[in-house]
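*Asks:* whatever this is, show me its structure:
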Amino acid sequence: MTKTAGFAAAEVLPPAESVVAGLRPHARILFWPTLALLAISAATGYFYGSLPEPWQNIALLAAAATLVLLLWLLPLMSWLNNRYTITTRRIIFRHGFFVRTRQELLHSRGYDVTVRQNWLQSLAHSGDVLISAGLEHPLVLKDVPNATLVQQVLHDLMESSHTLMGLRRQEQSALADETARWGSR
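*Replies:* Sure thing, here's the model as predicted:
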């Protein structure tokens, strides 16, 4: 508590930032890579040892390892490196495998939220959440689960952020008015 012009004014501390949701794209994106992994494993198991030359068995294992790397491990790592974190103050976009990118958008800045779903996404209750914040291109949360719930949460967080900012501005203007009135006497 501080004293200002004979009045006790509570110091307004911003609330601690907490994580509301941590999101990734829907896991169904890994269906085809996992199917490829199973097919490569089955084919390698079937043909390994039945080839006439030992170098052919080694070549088969090398080809299978290369295909697993390209068709399963890289898509898995790409999926793991796309993260969206929604906190009480901002949205954080992290993506990239070799070049990592991090973008942040404050709720207090204000933005429009749109959900776009194709037929497959609507079956899985997922969708693309487009966030237009006055930039050239909207920021996109691609294929997130429960897209409509994410949209509602973002609207609520933006509204509470604007309400909190409005209260802070009112308190600051009230303190400024009290000081001006007191000094003018």
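*Asks:* helix/strand/coil for the residue most central in space within the chain?
*Replies:* Nearest to the geometric centre of the chain sits residue 84, at 1.0 Å (CA atoms, centre = their mean). On the three-state scheme (DSSP: H, G, I helix; E, B strand; the rest coil), residue 84 is labelled strand.
*Asks:* same question for the one 10 residues further on.
*Replies:* Taking three-state DSSP as the rule, one finds residue 94 in the strand state.
*Asks:* what is the nearest residue to residue 21 once chain neighbours are set aside paired to in the beta sheet?
*Replies:* Counting by CB to CB, 6 or more residues apart in numbering, residue 21 lies nearest to residue 86, which is 4.5 Å off, once chain neighbours are set aside. Placement of C-beta: from N, CA and C, glycine included. Under the criterion DSSP bridges, residue 86 forms beta bridges with residue 21, residue 91.
*Asks:* per-residue pLDDT, residue 86?
*Replies:* What the model reports for residue 86 is a pLDDT of 93.
*Asks:* ok, back up a step: I figured the residue nearest to the centre of the chain hits residue 90, correct?
*Replies:* No - the pair residue 84 and residue 90 does not pass the contact test of CB atoms under 8 Å, sitting 11.3 Å apart.
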